[in-house]
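**Student:** Quick one: sequence and predicted model below, then my questions.
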Amino acid sequence: MEYQVGEAGRVVVARFENGDEIIQGLTDIAKKEDIRAAMFYLVGGIKEGKFVVGPEKDVLPPTPVWKGLNESHESAGVGTIFWYGNEPRIHFHGVYGKHDMVKTGCLRVFAKTFIVMEAVIMEIKGIHAIRDLDPLSQMVLLKMVDG
């Protein structure tokens, strides 16, 4: 285990409108505001998206199992923002529910808002971390770096 201690920085509250792309919107905010490390919460409606529900088998590198959202769902979850090269990378795990069916997973590719999605982004200051390609998992993962 590795860890660093930081402190709270700026707080950004964003409202995504019906049809807005959520992952791209979070990426755009991180770029525009130069947010290098953050955690965020999302709550609202989602109508499209692709997410991973785990690996096929517990081996490295993993083969992801993909699921899709093709209609409106209620959604809530938490994520982080750290940069990979010149781009902020979003890591979000959420729950997606419709009627009496609930799905959960790591939203990765795209996601469109249904009616409204609220985001609260909390910048973390004093943390020196990036996302980097992990040779064992072949995934872009969180990596602590020297300040």
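**Tutor:** It's in.
**Student:** Could you use CA atoms for every contact and neighbour count after this?
**Tutor:** OK.
**Student:** roughly how far apart are the closest residue in space to C106 that isn't next to it in sequence and I124?
**Tutor:** By the measure of CA to CA, 6 or more residues apart in numbering, the closest residue to C106 outside its immediate chain neighbours is H93, 4.4 Å from it. Using CA to CA, to the nearest Å, we find H93 at a distance of 19 Å from I124.
**Student:** Could you do G77 as well?
**Tutor:** Separation of G77 from I124 (CA to CA): 18 Å.
**Student:** And P64, by the same measure?
**Tutor:** The value you get for P64 to I124, if CA to CA is used, is 29 Å.
**Student:** And those two? Which one has more around it.
**Tutor:** For P64 against I124, the residue with the higher neighbour count under other CA atoms under 10 Å is I124, and the figures read 20 against 13.
**Student:** Figure out the helix or strand that that one lives in.
**Tutor:** Secondary structure assigned from DSSP states H and E places I124 in strand 101-125.
**Student:** Give the buried residues for that strand.
**Tutor:** 103-108, 111-114, 116-125 (16 or more other CA atoms under 10 Å).
**Student:** Which strands or helices does that strand pack on?
**Tutor:** Other helices and strands packing on strand 101-125, by 3 or more CA pairs under 8 Å, 6 or more residues apart in numbering; DSSP states H and E, are strand 7-17, helix 22-33, strand 37-55, strand 87-98.
**Student:** what angle sits between the second one and strand 87-98?
**Tutor:** Using axes from the mean of the first three to the mean of the last three CA atoms, to 10 degrees, one finds that helix 22-33 and strand 87-98 are set 150 degrees apart in direction.
**Student:** now swap in the shortest one and tell me
**Tutor:** Computed with the same axes, to 10 degrees, the direction of strand 7-17 lies at 60 degrees from that of strand 87-98.
**Student:** which other helices and strands contact strand 7-17?
**Tutor:** Using 3+ CA pairs under 8 Å, 6+ apart as the contact test, the elements touching strand 7-17 are strand 101-125.
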